[in-house]
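Participant: Generate coordinates for the sequence data below:
(chains A and B)
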Amino acid sequence: MQQHPLIAILTRLGTFVLVMIALSIMIFVLARVVPGDPARMALGPAATTEQVEALRQQMGLDQPLAIQYVDYIGKALRGDLGMSLVSQRPVSADLGQTVPATLELVLVSVIFMFAVAIPLGVIMAHYRDRAVDHVGRLLSLTGVTIPSFLFAITLQLIAARFLSGWPIIGRLDHSLGWTGGPTGLLILDGLLMGRPDVSLNAFQHLLLPAFALSMAGIGQITRITRSAMIENQRKDHVLTLKSFGVPERVIIFKYLLKLSSIAPLTIMGLEFASLIGNAFVIEMVFAWGGFASYGLQSILQKDLNAVTAVVLVAGLFFIVANLIVDVLITMIDPRLRRKEAR
Amino acid sequence: MADIKMLDASDRGLSAGYMMWYRFSRNPAAVIGALIVFSVIFLAVFAPFLTPYPKHVGAVVDFRARHLPPDAAHWFGTDKAGRDIFTRTIFGLRISLLLVIGVLGISVPIGAVLGLMAGYFGGWTEKFISGLTNVMLAMPPLVMALAVSNLLEPTLMNAMIAITLLWWTWHARLIYAVSKQIASEDYIEAARLAGAGPMHILFREILPNCVPVISVKTTLDAAFVILFGATLSFLGFGVKPPIPDLGSMVADGRQFMPDFWWEVLCPGAAVLYTTLGFNLLGDGLRDMFDVEN
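Facilitator: Residues are numbered from 1 along each chain as shown, chains lettered A, B, ... in the order given. Just a heads-up that it's a prediction; the model follows:
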């Protein structure tokens, strides 16, 4: 337990590498063993046995599975994820085009989550069992229970009915003549390339899907923040501060909030898995054309290289998010920082 | 707080069971949740007798009745084939509940046993099981479900098999944490000194104390499984048509979106109603058993 925080983070990093390896082996085996012969599928039923055999050798499918796996990982680390059978382009190129769209959506959703949930949780804890608290609990319960597709479609309906002209599908209006920027994150690219109109338009497109995607997380994090605030109010050092006459405002914002953000952050890391899952739904409803849409498409069309890559990238998303959470918690938690000084 | 209440109760000769029931029945949210869950189960089980058009579950086509808005004859309106959406929604609840029974019926016992073993035995058993759990937890369940079910065949059944393969990890982790704590209690040591074997200690001493935690978690999970199943079938991994399930009904209705809104909102609302019920019930049970988180 008495670990240096840096060592703790390195240990976590090691775990994450193991997780990635396990995930890659699992999806690799599933993709190679279960569905039959990829060479036959690539060439179609008209190809001769010799042609299929030649392609099998070319693709390395005649090698033992372990060698195929090592080969695949070696190439993957160099950015070669194979060809997509459907788009007939390198999978890495497809991902390069679609991942930024999802990344932008997810980042803004996460910002929404914290921007709404943490203040709401703090207010609810402060006015415990009063009207605000009850409304907030109802809201967070709705967030946790509502199917994301229902919420997304309802948002679209409301926007179409009451906000005529508000964009409800896609990432950007075609009329802007945007050809793409360096990062693929439209809001950022618009600012970088001196096109604030693009940034604004992208943000308008982003608002509804990001809100829809963040709803489940808002529900969870509000709950957790509220209960953490209430629990920590009873801690000795908080009572000490109170008895010293430190103003309530200072106690809440300087001491309690910091302490109480550890639990929501941890949950956020775990919630990331369902966030990625919900992204599939949100991207479908809002025709977002991101990585999740690409994943869904490749799964439905049995595009094996693409499916493998999508699962790996989704795992990577989750792992990186959790690593960031770990670092943040180490920075916030005074108990961990004190060990550093030792 | 709770301890004080319990003392009061025993002073007056009230049993712990009665006190739990008292706490549950005085919690309106919990009672509403229980009523919702009960109503869903009741409707699903007796669907053929309770619905106005039980034949509409099959491949019935009535073009004169297409896309009718909700009215007295069709409470939720009708769909693109003129079938009564209320009837199909009620039957759709059956699929949702079957998923809950299938997924949780398998994954909860597996997770519980692994969690108990990791918590009690410690050492390599603990390292192995918690390592495995951590690895499995890092897999986004929906992505895994999509991938696995695709590689086999994109059906709800296969997707849910994939979910079951991942779901036990949450229970394993939770029970691990609880049983590790219980394993250090004196009465476990006492049982061991009295010569009790590991089976007795695991299932007779530790497991009963995990029941509150397991039942709260399982109730809340039922809501998640229903959400998950509906999401998967919404994405196109549904049961074979014409069998109604809620997610694919929403997906079907989405094509006719702004005009025939009831085709989306009614089955969608049924999902919300069900998940809301299980959530309220789960929270109520949590308060009743007085377990943390």
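Participant: what's the burial count for the residue in the stretch 151-300 of chain A positioned nearest to chain B?
Facilitator: In the stretch 151-300 of chain A, the residue that lies nearest chain B is A:Gly277 (2.9 Å; Cβ to the nearest Cβ). The C-beta positions use only the backbone N, C-alpha and C, and glycine is treated the same way. The tally of other residues near A:Gly277 (other Cβ atoms under 10 Å in any protein chain shown) stands at 24.
Participant: if I pick it, what's in contact with it?
Facilitator: The contact partners of A:Gly277, taken as Cβ atoms under 8 Å, 6 or more residues apart in numbering or on different chains, are B:140-143, B:231.
Participant: Could you dump the residues you listed into TSV and include distance to B:Asp259?
Facilitator: Formatted as TSV, the contacts of A:Gly277 follow (distance: Cβ to Cβ, whole Å):
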residue	distance to B:Asp259
B:Pro140	35
B:Pro141	35
B:Leu142	30
B:Val143	34
B:Thr231	25
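Participant: My guess is A:Ile27 contacts A:Val310. True?
Facilitator: No - using Cβ atoms under 8 Å, A:Ile27 is not in contact with A:Val310; the gap is 9.2 Å.
Participant: if you skip the residues just before and after it, what's nearest to the residue of the stretch 101-250 of chain A found nearest chain B?
Facilitator: Closest contact between the stretch 101-250 of chain A and chain B, by Cβ to the nearest Cβ, is at A:Leu150 (3.6 Å). With Cβ to Cβ, 6 or more residues apart in numbering or on different chains as the criterion, A:Leu150 has its nearest non-adjacent residue at 3.6 Å, and that residue is B:Gly268.
Participant: separation between A:Ser140 and A:Val238?
Facilitator: Distance of A:Ser140 to A:Val238, computed by Cβ to Cβ, to the nearest Å: 24 Å.
Participant: More neighbours: these two, which one.
Facilitator: The neighbour count for A:Ser140 versus A:Val238, taken as other Cβ under 10 Å, is higher for A:Ser140 (24 against 17).
Participant: check contacts around A:Ser261.
Facilitator: Counting by Cβ under 8 Å, 6+ apart, A:Ser261 touches A:118, A:225, A:228, A:332.
Participant: List only buried entries from those.
Facilitator: A:118, A:225, A:228 (16 or more other Cβ atoms under 10 Å in any protein chain shown).
Participant: just those residues now: which is nearest A:Ala306?
Facilitator: The shortest approach to A:Ala306 among the buried ones among the contacts of A:Ser261 belongs to A:Ile118, at 37.1 Å (Cβ to Cβ).
Participant: so the closest one, which of the three states?
Facilitator: Three-state assignment for A:Ile118 (DSSP: H, G, I helix; E, B strand; the rest coil): helix.
Participant: same check, this time on the one 3 residues further on
Facilitator: Using three-state DSSP, the secondary structure recorded for A:Gly121 is helix.
Participant: Next, the contact list for it, please.
Facilitator: Contacts of A:Gly121 by Cβ under 8 Å, 6+ apart are A:136, A:221-226, A:228-229, A:260, A:264.
Participant: and the helix or strand hosting A:Gly14, what's its mean pLDDT?
Facilitator: Using DSSP states H and E, A:Gly14 sits within helix A:5-33. For helix A:5-33, mean pLDDT is 80.
Participant: how about residue 259, what does it touch?
Facilitator: No chain specified, so I'll use chain A. A:228, A:232, A:235.
Participant: nope, chain B
Facilitator: B:His67 are the contacts of B:Asp259 under Cβ under 8 Å, 6+ apart.
Participant: switch to 6 Å and redo it
Facilitator: Residues near B:Asp259 by Cβ atoms under 6 Å, 6 or more residues apart in numbering or on different chains: none.
Participant: Name the nearest residue to residue 251, ignoring sequence neighbours.
Facilitator: You didn't pick a chain, so chain A it is. Using Cβ to Cβ, 6+ apart and skipping the chain neighbours, the partner closest in space to A:Ile251 is A:Leu241 (5.3 Å).
Participant: my bad, chain B
Facilitator: In space, B:Ala251 comes closest to B:Phe234 once its chain neighbours are excluded; the distance is 4.9 Å by Cβ to Cβ, 6+ apart.
Participant: one step back: wasn't the residue nearest to A:Leu150 part of a helix?
Facilitator: Yes - checked against three-state DSSP, B:Gly268 lies within a helix.
Participant: okay, it: pLDDT?
Facilitator: pLDDT recorded at B:Gly268 is 94.
Participant: Was I right to think it contacts B:Val250?
Facilitator: Yes - with contact defined as Cβ atoms under 6 Å, B:Gly268 reaches B:Val250; the gap is 5.1 Å.
Participant: Quick one: mean pLDDT over the helix or strand encompassing B:Gly33.
Facilitator: For B:Gly33, the host element (DSSP H and E) is helix B:28-45. Mean pLDDT, helix B:28-45: 94.
Participant: so what's A:Thr11 up against?
Facilitator: By Cβ under 6 Å, 6+ apart, A:Thr11 has no neighbours at all.
Participant: circling back: which ones among the contacts of A:Ser261 lie within helices?
Facilitator: Residues of the contacts of A:Ser261 located in helices (DSSP state H): A:118, A:225, A:228, A:332.
Participant: Relative to A:Lys75, which of these is nearest.
Facilitator: Using Cβ to Cβ, A:Ile332 is the member of these that lies nearest A:Lys75, at 39.4 Å.
Participant: wait, is A:Gly315 part of a helix?
Facilitator: Yes - according to three-state DSSP, A:Gly315 belongs to a helix.
Participant: before we move on, the earlier item: please go through the ones in helices among the contacts of A:Ser261 and note which also touch chain B.
Facilitator: Contacts with chain B are made by none of those, judged by Cβ under 6 Å from any Cβ of the partner chain.
Participant: Mind putting the residues you listed into a markdown table with distance to B:Leu174?
Facilitator: Shown next, in a markdown table, are those (distance: Cβ to Cβ, whole Å):
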| residue | distance to B:Leu174 |
| --- | --- |
| A:Ile118 | 25 |
| A:Thr225 | 21 |
| A:Ala228 | 19 |
| A:Ile332 | 25 |
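Participant: quick one: low-confidence parts of the stretch 201-342 of chain A?
Facilitator: A:334-342 (pLDDT under 70).
Participant: ok, 90 please
Facilitator: Across the stretch 201-342 of chain A, the ranges flagged by pLDDT under 90 are A:227-277, A:289, A:295-342.
Participant: Quick one: name the residues of chain B near chain A.
Facilitator: B:135, B:138-140, B:142-143, B:146-147, B:150-151, B:227, B:230-231, B:234, B:258, B:264, B:268, B:271-272, B:275-276, B:279.
Participant: For the stretch 151-300 of chain A, just list every one of the helices.
Facilitator: Remark: helices assigned in the stretch 151-300 of chain A by DSSP state H, counting those that start in this stretch are A:186-192, A:196-233, A:236-243, A:248-250, A:257-260, A:262-285, A:291-300.
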